[in-house]
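S.K.: Sharing a sequence plus its predicted fold:
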Amino acid sequence: MKLFRLGWLKLAVLLLDAVFAYGSYLLAYKWKFSGHIPAGEWRSFLHYAPWLGLLTAITYYFFNLYDFAGRRKPSVMLYNLVLAHAVFVAELIVVNYWLKTFSLPRTVVASGFLFQLLLTFGLRLLLFYVQVKGGGRKKALVVVSGQPSDWLMLEKLLVKGEPWLEIRQVLILSADSEDDIAALASWQEIDVLMLGQGIPDRTRTDLIRLAGERRAEVLLIPGFYELYLTRAEPQQIDDLLVYSIMPPHPTLPERLLKRALDVVLSTMLLVATSPLTLAALILIPTTSKGRAFYVQERIGLGGKPFKLLKFRSMIENAEEATGPVLAGDGDLRITALGRFMRATRLDELPQLINVLLGDMSLVGPRPERAFFIDRFKEELPYYSYRLMVKPGLTGLAQVMAGYTTSPSDKLRYDLMYMKNYSILLDLRILMQTLLVVLNREQSRGVHASSNPAAHQRIEHLMRTVQTEALAGQK
């Protein structure tokens with residue numbers, strides 16, 4: 001995996017993407033004009049040629065297409081590329097209307113789109129093949145505790161990690177972790193050591209040391225302490241090496257620029273989506289009893305409550321009998337129109353007004369109700385850190401996770417966003433939100449499955465890979 005984290009590889013792929021962009025449009029002209037490009041069309045191409053490589057690199061960056069360290073399947077890459085190319089064509093058309101110095105034949109744009117998509121996807125497919133097939137699936141040892149979070153992690157590994165990891169063995173920590181570590185010390189044929197969240201700190205340290213001695217990659221889910229160390233500044237006091245950790249708080253220039261971006265983009269989006277808003281105002285009251293808007297109190301910056309606006313997607317007074325509950329998969333309280341609005345995120349459009357009012361930002365941790373915040377704070381001591389920045393219409397947790405992702409995993413993404421904040425990161429998240437809007441799977445409600453059933457599935461998967469405790473081999 002180290003090869004795919006090197007900056008020079010990203011630069012090489014970026015340059016190849018630019019070459020593919022030029023080659024695709026030249027090929028499109030050749031195909032349209034049967035190999036002989038007229039002088040006028042050639043001059044037109046030279047006028048907009050500088051924009052091809054620039055727009056390709058920028059658009060691909062915002063759609064996360066230069067992240068080769070992540071273990072993503074080709075289908076996900078293709079999905080991102082198709083949407084990125086659609087945005088690229090829209091940008092090229094805008095540049096055409098703005099400059100008015102070149103013509104852009106529709107057949108050239110359409111065929112160029114297909115050629116460029118095939119070439120860029122072919123390159124990433126080759127990288128995927130080298131990454132997965134060329135180096136072979138890595139032999140993995142997974143160490144877990146008895147905590148439910150570790151069982152869920154194991155299930156995800158067995159179901160989703162198959163293209164990259166061949167799980168050879170699973171070690172379930174016993175009461176005597178020293179015996180487990182001694183057993184691990186004799187285990188030689190592993191490339192990857194995956195550690196669960198419930199492993200004690202001292203045991204985790206010993207396991208990482210043993211993996212380092214065997215030059216094995218270590219995969220772990222970071223705790224909130226490790227996340228808070230992100231971008232910590234190393235300092236020196238006499239001969240002491242110390243880390244300086246500052247609260248995750250944007251600087252004044254960053255806050256001013258973020259607010260300007262919020263006002264400009266939310267105004268533009270309100271105008272652009274006004275036909276959809278008008279349709280919702282008419283259809284919601286006519287298809288189900290009640291008002292079009294739904295107002296709910298949420299907690300914002302510094303724990304201050306505010307009134308969040310949404311289009312009503314459930315029946316009127318849906319929580320009157322149940323109290324605050326999260327929407328489930330196939331929830332009968334959701335109306336037919338509401339199900340469509342939730343899948344396409346149209347029910348969130350009125351929150352652009354909250355952004356203009358200053359209660360929210362376009363990007364940030366999603367605002368939550370006080371009832372759930374109080375409950376999550378009991379389980380997750382770091383949960384209140386989310387209140388140190390404005391809540392957002394979308395966020396890193398929304399583009400990297402799903403509706404059913406656990407609060408602890410969403411919190412990790414929120415803290416990562418807060419510690420790595422930049423305007424460029426905001427723009428990337430806004431672009432990638434398009435992917436989420438078009439992907440209905442990420443908007444599905446929580447599943448009503450029981451823990452015993454989940455454990456049975458994990459046990460079945462463990463039997464499939466012939467997993468056994470290491471302690472039993474001693």
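M.R.: Cool, got the structure. Numbering: from 1, shown residues only.

S.K.: From here on, just use CA atoms for contacts and neighbour counts.
M.R.: Fine.

S.K.: what about dumping the CA coordinates of stretch 346-364 to CSV?
M.R.: What follows is stretch 346-364, C-alpha atoms only, in CSV (Å, rounded to 0.1, in the frame of the first residue of the first chain):
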residue,chain,number,x,y,z
LEU,A,346,-34.9,17.3,-1.0
ASP,A,347,-36.4,17.4,2.5
GLU,A,348,-33.3,19.2,3.6
LEU,A,349,-33.6,22.1,1.1
PRO,A,350,-35.3,24.6,3.6
GLN,A,351,-32.1,24.4,5.7
LEU,A,352,-30.5,26.7,3.2
ILE,A,353,-32.6,29.4,5.0
ASN,A,354,-31.0,28.3,8.3
VAL,A,355,-27.6,28.8,6.6
LEU,A,356,-28.5,32.3,5.5
LEU,A,357,-29.7,33.1,9.0
GLY,A,358,-26.4,32.0,10.4
ASP,A,359,-27.7,29.1,12.5
MET,A,360,-25.9,26.6,10.2
SER,A,361,-23.1,26.4,7.7
LEU,A,362,-23.2,24.5,4.4
VAL,A,363,-20.5,22.1,5.8
GLY,A,364,-20.1,20.9,9.3
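
S.K.: Determine how far that stretch lies from the middle of the whole chain.
M.R.: 20 Å (CA atoms, centre = their mean, to the nearest Å).

S.K.: all strands of the stretch 101-250 of the chain, in order?
M.R.: When assigned using DSSP state E, counting those that start in this stretch, the strands of the stretch 101-250 of the chain occupy the ranges 138-144, 165-172, 192-195, 217-220, 233-237, 240-244.

S.K.: Now render those as TSV, adding distance to Phe293 and mean neighbour count.
M.R.: Supplementary listing: the strands of the stretch 101-250 of the chain in TSV, determined by distance: least, CA to CA, whole Å; neighbours: other CA atoms under 10 Å:
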stretch	distance to Phe293	mean neighbour count
strand 138-144	46	22
strand 165-172	47	20
strand 192-195	46	22
strand 217-220	43	16
strand 233-237	46	10
strand 240-244	46	11
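
S.K.: Would you format the ones you listed as JSON lines with mean pLDDT and distance to Tyr294 included?
M.R.: Shown next, in JSON lines, are the strands of the stretch 101-250 of the chain (pLDDT from 0 to 100; distance: least, CA to CA, whole Å):
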{"stretch": "strand 138-144", "mean pLDDT": "84", "distance to Tyr294": "44"}
{"stretch": "strand 165-172", "mean pLDDT": "79", "distance to Tyr294": "46"}
{"stretch": "strand 192-195", "mean pLDDT": "87", "distance to Tyr294": "43"}
{"stretch": "strand 217-220", "mean pLDDT": "86", "distance to Tyr294": "41"}
{"stretch": "strand 233-237", "mean pLDDT": "88", "distance to Tyr294": "45"}
{"stretch": "strand 240-244", "mean pLDDT": "88", "distance to Tyr294": "44"}
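
S.K.: Among these, which comes closest to Gly395?
M.R.: Within those, the stretch nearest Gly395 is strand 217-220; the backing value is 22.9 Å (CA to CA).

S.K.: Tell me the strands beside the closest one, with direction?
M.R.: Strand 217-220 sits in its sheet next to strand 192-195 (parallel), going by DSSP bridges.

S.K.: Give me the contact list for the partner strand.
M.R.: If you take CA atoms under 8 Å, 6 or more residues apart in numbering as the criterion, strand 192-195 is touched by 138-144, 204, 211, 216-221.

S.K.: farthest-separated two in those?
M.R.: Lys138 and Arg204 (20.9 Å).

S.K.: For the stretch 351-474 of the chain, give me the ranges with low pLDDT.
M.R.: 403, 440-474 (pLDDT under 70).

S.K.: Distance of Ala84 relative to Leu78?
M.R.: 10 Å (CA to CA, to the nearest Å).

S.K.: if I look at the residue nearest to Lys419 when sequence neighbours are not counted, how far off is Leu257?
M.R.: Spatial nearest neighbour of Lys419, excluding adjacent residues (CA to CA, 6 or more residues apart in numbering): Pro248 at 5.3 Å. Counting by CA to CA, the separation of Pro248 from Leu257 is 17 Å.
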